[in-house]
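**Student:** Coordinates only, no sequence provided:
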């Protein structure tokens, strides 16, 4: 695994950059590298390699940050459960969730993520709805519900294949950054998202 500072270098931002800066850098570079992939010769190969490195760097930074945020906000218990979900230990995460007495909004969110990983979409939606009802101002919860609803009920049936490949809880189970400026009409971006989600579908 590369040094964490190398991941930030790939994204062209500093380690103390806020979430918005991280997401903006990621989307800008992803769109550029997506287009570069279709250049002729070595330039196209370089674009593909850059895109792969970008996705890996963003996923690693996102995973580390979410685990740190969970531990800081909810303590090591839910933070440890989140880490197990990220690592793919779904049975262990479920046992820990079942043993948790206090069922907070974050508890229901993590349960929703776990159910989504098992492809139990209705159960996942039920729990993320509870998380939203308990903390309606939490963007992570509301965005996850919004994206999950799009997966389950695409607004355009012709785009169902696209929504089914966009994980509502993001890489490794977390919420993806929402970028309302990225419409489905941006074919390059849509193709990029589909390719990247296929690489990151460990969370789905």
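**Tutor:** Nice, I can see it. The structure presented is a predicted model; accordingly, all values stated were derived computationally and were not measured. Numbering: from 1, shown residues only.

**Student:** so how many other residues sit close to residue 82?
**Tutor:** One way to gauge burial is a neighbour count; for residue 82, by other C-beta atoms under 10 Å, it gives 26. Yep, even glycine has a C-beta here, placed from its N, CA and C like the rest.

**Student:** which parts of stretch 55-69 are buried?
**Tutor:** Judged by neighbour count using 16 or more other C-beta atoms under 10 Å, the buried positions of stretch 55-69 are 55, 56, 57, 58, 59, 60, 61, 62, 63, 66, 67.

**Student:** Give the rounded mean pLDDT of it.
**Tutor:** With pLDDT averaged residue by residue, stretch 55-69 scores 85.

**Student:** tell me the contacts of the residue sitting furthest away from the middle of the chain?
**Tutor:** For the chain, the residue at maximal distance from the C-alpha centroid (C-alpha atoms, centre = their mean) is residue 41, at 31.9 Å. Taking C-beta atoms under 8 Å, 6 or more residues apart in numbering, we find residue 41 in contact with no residue.

**Student:** that older thread, quick check: of the buried residues of stretch 55-69, which lies closest to residue 109?
**Tutor:** Nearest to residue 109 among the buried residues of stretch 55-69: residue 66, at 11.3 Å, using C-beta to C-beta.

**Student:** measure that closest one to residue 59 for me?
**Tutor:** Here residue 66 is placed at a distance of 11 Å from residue 59 (C-beta to C-beta, to the nearest Å).

**Student:** Next: residue 138.
**Tutor:** Distance, residue 138 to residue 59, using C-beta to C-beta: 22 Å.

**Student:** Show me the strands in this structure, by range?
**Tutor:** For the chain, none of the segments meets the definition of strands by DSSP state E.

**Student:** need the longest helix for it.
**Tutor:** In the chain, with assignment by DSSP state H, the single longest helix is helix 41-87.

**Student:** Low-confidence stretches in this protein?
**Tutor:** Under the criterion of pLDDT under 70, the regions of the chain flagged as low confidence span 1-2, 67, 70-76, 156-204.

**Student:** Where do the helices of it begin and end?
**Tutor:** For the chain, helices defined by DSSP H occupy the ranges 4-11, 19-36, 41-87, 90-99, 105-117, 121-134, 139-152, 160-163, 187-199.

**Student:** Out of those helices, which one sits most buried?
**Tutor:** When neighbours are counted by mean count of other C-beta atoms under 10 Å, the highest per-stretch mean among these falls to helix 105-117, a mean of 24.

**Student:** by contact count, what packs against that helix?
**Tutor:** Here helix 105-117 is seen to pack against helix 41-87, helix 90-99, helix 121-134, helix 139-152 when contacts are counted using 3 or more C-beta pairs under 8 Å, 6 or more residues apart in numbering; DSSP states H and E.
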